[in-house]
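# quick one, structure for this:
(one chain, ligands or ions: 1)
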Amino acid sequence: MLKGKHILLGVTGSIAAYKAAMLCRLLKTAGAEVKVLMTPTAKEFITPLTMATLSKNPVAVEFYNPENGDWHSHISMGEWADCLLIAPATANTLAKMAHGVADNLLLTTYLSARCSTVVAPAMDCDMFAHEATQANIALLKERGVTVIDSPSGELASGLSGKGRMAEPEAILRFLESFPGLNQKKKSNLAGRRFVVTAGATIEAIDPVRYITNHSTGKMGYAVAGELAARGARVTLISGHTVLPTPAGVERTDVASAEEMYDAARKAFADADGAVMCAAVADYTPKEVSPSKIKKDGDTLTIELRRTKDIAASLGREKGDRLLVGFALETDDEIVNAEEKLRRKNFDFIVLNSLRDKGAGFGVDTNKVTIIDAEGGKALPLMSKSDTAAAIADRMESFFER
Ligand code: C5P
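Numbering: from 1, shown residues only. Model (predicted):
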């Protein structure tokens, strides 16, 4: 995943700068090309010689080389990079990034870069907890910067708490599954808020049994991860699944269709759009037995009632926001999907047919047709992550209008 990727490693003046040497080495070993940018203060903590030797590239600190006047172009560095990774990122640098201060080469590069930006904060626990720092981090997240959370632990000050830089191995693991590495141009989804529903709901019959379906949540999780990688703020409302939460995604777990309805409506209130990937039960037991139902007959009848349609409810109140639906059909696919597009007020609907080989539950591939009011576009069999990228591309065109 990191092989051949261009990582621009920004190092700032924190005691954790020594870890940047190990991080640089790990990135190189993983096959990435690394160029290092340091702030003037970072040089007090680790030498450019160390970083140049490990990255096998000259290190840039000043706007120009004072010996020969060679200009270090922040634009070309931003263009070269697939990702600007600032690790460690001090409270000072985060504050300047949040407020557009451009008084060193790393900051001018950040402001002009079109690639994704990832920061690993490193500071004392009280500085980290300070409202100003937290507000700056929130602002950066809102603008699409990905923040690698600071773990708790021993700090250079002797105190213990949140604020340490994530370990180089953890940063490497994060980058290895970070879809934002493939994202050169800044997406117009960056900073926007989306709700994604995913996975199967669970409808209790009694304390032991329930009704569910075969959805594993793979497609919805891929969409959530892709949107986050493009800098969007994603609330993933997840039914039952065993999948890990994609990087940069905020996840709310729910069980029943009713819980998903409440969570999705709440999150949609201040969202720019929603992608409805979940396989929501259409019916739920009319009454949930408080104790385990005994087997005392040859047949058992459970009366079911209709659940609320989450997508249709969001469709009624969406206004000019974006609403994307999914349709899983076995017969009359296009006709049924078009009917859902209109009835639920989707801007576009992603149709999968269970008849297509490689599409549907549990598999890592999908074959979909994206249908809007103007017609349909059939995509070839692709991985679910490529399908998610195609859906995100289509969402970008919606916001170009
Ligand atoms: O009507 P059908 O279940 O086929 O519609 C599929 C679309 O509607 C999907 O986007 C699904 O997530 C959404 N849906 C929903 N709430 C329901 C049923 C379906 O959000 N109760």
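# contacts and neighbour counts: CA atoms only from here.
Will do.
# and the residue most central in space within the chain, helix, strand or coil?
With distances taken as Cα atoms, centre = their mean, the chain has residue 228 as the residue nearest its mean C-alpha position (2.4 Å). Under the three-state scheme (DSSP: H, G, I helix; E, B strand; the rest coil), the conformation of residue 228 reads as helix.
# for residue 244, see how far away it is.
The spacing between residue 228 and residue 244, counted by Cα to Cα, to the nearest Å, is 14 Å.
# so how many other residues sit close to the closest residue to residue 250 other than its chain neighbours?
Computed as Cα to Cα, 6 or more residues apart in numbering, the closest residue to residue 250 that is not its neighbour in sequence is residue 235, at 4.9 Å. The number of residues packed near residue 235 is 24, by other Cα atoms under 10 Å.
# what residues does residue 235 make contact with?
Taking Cα atoms under 8 Å, 6 or more residues apart in numbering as the definition of contact, the neighbours of residue 235 are 193, 194, 195, 196, 224, 249, 250, 251, 252, 267.
# show me the longest helix that occurs in this structure.
Once the chain is assigned using DSSP state H, the helix that runs over the most residues is helix 384-400.
# okay, buried residues for that one please.
By neighbour count, with 16 or more other Cα atoms under 10 Å as the criterion, the buried positions of helix 384-400 are 384, 385, 386, 387, 388, 389, 390, 391, 392, 395, 396.
# bridging residues for the closest residue to the first one other than its chain neighbours?
By that I understand residue 384. Closest residue in space to residue 384, ignoring its immediate chain neighbours: residue 365 at 4.9 Å, by Cα to Cα, 6+ apart. Note on residue 365: beta-bridge partners by DSSP bridges are residue 383.
# is stretch 279-291 up against the ligand anywhere?
Yes - judged by Cα under 6 Å from any ligand atom, stretch 279-291 comes into contact with the ligand through 279, 280, 282.
# got those residues as a markdown table, with secondary structure, pLDDT and neighbour count columns?
Below are the residues of stretch 279-291 next to the ligand laid out as a markdown table (DSSP: H, G, I helix; E, B strand; the rest coil; pLDDT from 0 to 100; neighbours: other Cα atoms under 10 Å):
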| residue | secondary structure | pLDDT | neighbour count |
| --- | --- | --- | --- |
| 279 | strand | 97 | 23 |
| 280 | coil | 98 | 28 |
| 282 | coil | 97 | 14 |
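# which one of these is nearest residue 329?
Minimum distance to residue 329 across those is 12.1 Å, recorded for residue 279 (Cα to Cα).
# list the contacts of that closest one.
With contacts defined as Cα under 8 Å, 6+ apart, residue 279 is in contact with 198, 199, 200, 201, 213, 215.
# ok, back up a step: looking at this, the residue nearest to residue 250 is in a strand?
Yes - secondary structure of residue 235, determined by three-state DSSP: located in a strand.
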